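S.K.: Sequence first, then the predicted structure, then my questions.
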Amino acid sequence: MTPAEQPWQLRMFERSLKKQQKVRLLLRMIGSATDERCLLLTCGDNNGAMNYKFREAGGRWTWADVEEDAIPEIAALLGEPVHHADPAALPFAAGTFDRVVVIDVHEHLADVAPLNRELARIVAPGGLVVVTTPNGATHLPVAVLKRWLGMRPAQYGHVVQGYTASQLEAQLDGAGLHPESRGAYSRFFTELVEFAINFAYVKLLSRREGTQSDSGHIAPTTSGELKSVGKSYRLYSTIYPIIRTVSALDVLIPGRGGYAVAVAARKPR
């Protein structure tokens with residue numbers, strides 16, 4: 001398949017530094033999923049490309065999203081059904097899955113306890129739950145810059161900025177899931193360029209094109225939204241090699257933290 005023949009979702013993924021880093025980290029954390037029953041639960045900021053990459057890596061996947069808007073296009077890309085899920089009452093039987101991956105859902109909820117209980121219910125004994133959220137550490141430089149420029153959690157559709165890895169571990173442990181590993185992605189330079197892109201979309205492009213809504217979308221998530229900013233996206237594609245080079249400067253930063261965190265926790269047998 002040539003780049004021109006790729007679905008628009010996969011073309012966007014190849015130019016999304018943060019999503020690429022997220023998928024690489026999560027695939028390492030879940031390990032080999034061959035013949036495993038897996039669930040990916042997302043919350044709106046997903047056009048289906050991550051689902052596609054997880055399926056490509058192996059496993060028997062089921063898909064669910066907390067928001068309805070993008071579900072038809074995700075389903076069309078995958079050629080499979082995508083469930084609309086209430087996070088407090090997931091539409092799956094107890095012990096259905098061996099691996100459950102939850103991408104950026106918790107920060108959208110005023111109360112995360114019902115979701116965590118549901119995750120513990122639907123994962124099989126010995127199964128793994130992996131959760132990602134933005135880092136909740138408010139002192140991080142780009143987090144401070146976001147607030148100063150008016151990009152507060154509500155602008156992203158979030159109730160809170162996010163959670164630290166320690167906070168996520170405590171939440172999952174309280175639901176009976178035992179934390180066993182953690183990771184992070186999107187370090188300073190990646191977060192900075194991603195923020196610049198999100199800021200331009202939310203504050204300038206979507207407003208100018210009349211596509212801005214209260215959905216919390218910080219980048220195009222449907223083909224219609226992408227078409228509305230088509231000229232700007234083509235410009236972004238042209239300068240993407242420069243953006244990728246800036247992101248690569250993350251290797252100069254000591255430590256292993258990041259502006260987004262992931263925690264893996266296992267259900268006791």
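M.R.: Nice, thanks for sending it over.

S.K.: just checking, A89 touches E118?
M.R.: Yes - under the criterion of Cβ atoms under 8 Å, A89 makes contact with E118 at 6.9 Å. The way it works is simple: take the backbone N, C-alpha and C, and place the C-beta from them, glycine included.

S.K.: So between these two, which is more surrounded?
M.R.: E118 (22 against 11; other Cβ atoms under 10 Å).

S.K.: so the more buried one makes contact with P87?
M.R.: Yes - between E118 and P87 there is a contact under Cβ under 8 Å: 7.0 Å.

S.K.: Pass me the low-pLDDT residue ranges in the stretch 151-269 of the chain, would you?
M.R.: 201-233 (pLDDT under 70).

S.K.: so what secondary structure elements neighbour whichever helix in the chain runs longest?
M.R.: Using DSSP state H, we find that the single longest helix of the chain is helix 230-247. Packing partners of helix 230-247 (3 or more Cβ pairs under 8 Å, 6 or more residues apart in numbering; DSSP states H and E): helix 17-30, helix 188-199.

S.K.: That one: what's the following helix or strand?
M.R.: strand 260-266 (DSSP states H and E).

S.K.: Report the inter-axis angle for that following strand versus helix 17-30.
M.R.: 20 degrees (axes from the mean of the first three to the mean of the last three Cα atoms, to 10 degrees).

S.K.: any idea how far the closest residue to L90 other than its chain neighbours lies from G150?
M.R.: Excluding its sequence neighbours, the residue lying closest to L90 (Cβ to Cβ, 6 or more residues apart in numbering) is E118, at 4.6 Å. Look at E118 and G150: by Cβ to Cβ, to the nearest Å, they are 34 Å apart.

S.K.: tell me the SS of E180?
M.R.: strand (DSSP: H, G, I helix; E, B strand; the rest coil).

S.K.: Helices of the protein, residue ranges please.
M.R.: Taking DSSP H, the helices of the chain run over residues 8-13, 17-30, 49-57, 71-78, 113-122, 141-148, 165-174, 188-199, 206-209, 223-228, 230-247.

S.K.: Run the angle between the second one and helix 49-57 for me.
M.R.: Read that as helix 17-30. 40 degrees.

S.K.: What is helix 17-30 packed up against?
M.R.: Helix 17-30 packs on helix 49-57, strand 97-103, strand 123-134, strand 178-185, helix 188-199, helix 230-247, strand 260-266, going by 3+ Cβ pairs under 8 Å, 6+ apart.

S.K.: got the CA coordinates for the second one in PDB?
M.R.: Taking Å, rounded to 0.1, in the frame of the first residue of the first chain, the C-alpha atoms of strand 97-103 are listed here in PDB:
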ATOM      1  CA  PHE A  97     -10.400 -10.200  28.600                       C
ATOM      2  CA  ASP A  98      -6.800 -11.200  29.200                       C
ATOM      3  CA  ARG A  99      -5.500  -7.700  28.300                       C
ATOM      4  CA  VAL A 100      -7.300  -4.400  28.700                       C
ATOM      5  CA  VAL A 101      -5.800  -1.200  27.400                       C
ATOM      6  CA  VAL A 102      -7.400   2.100  28.500                       C
ATOM      7  CA  ILE A 103      -6.100   5.100  26.600                       C
END
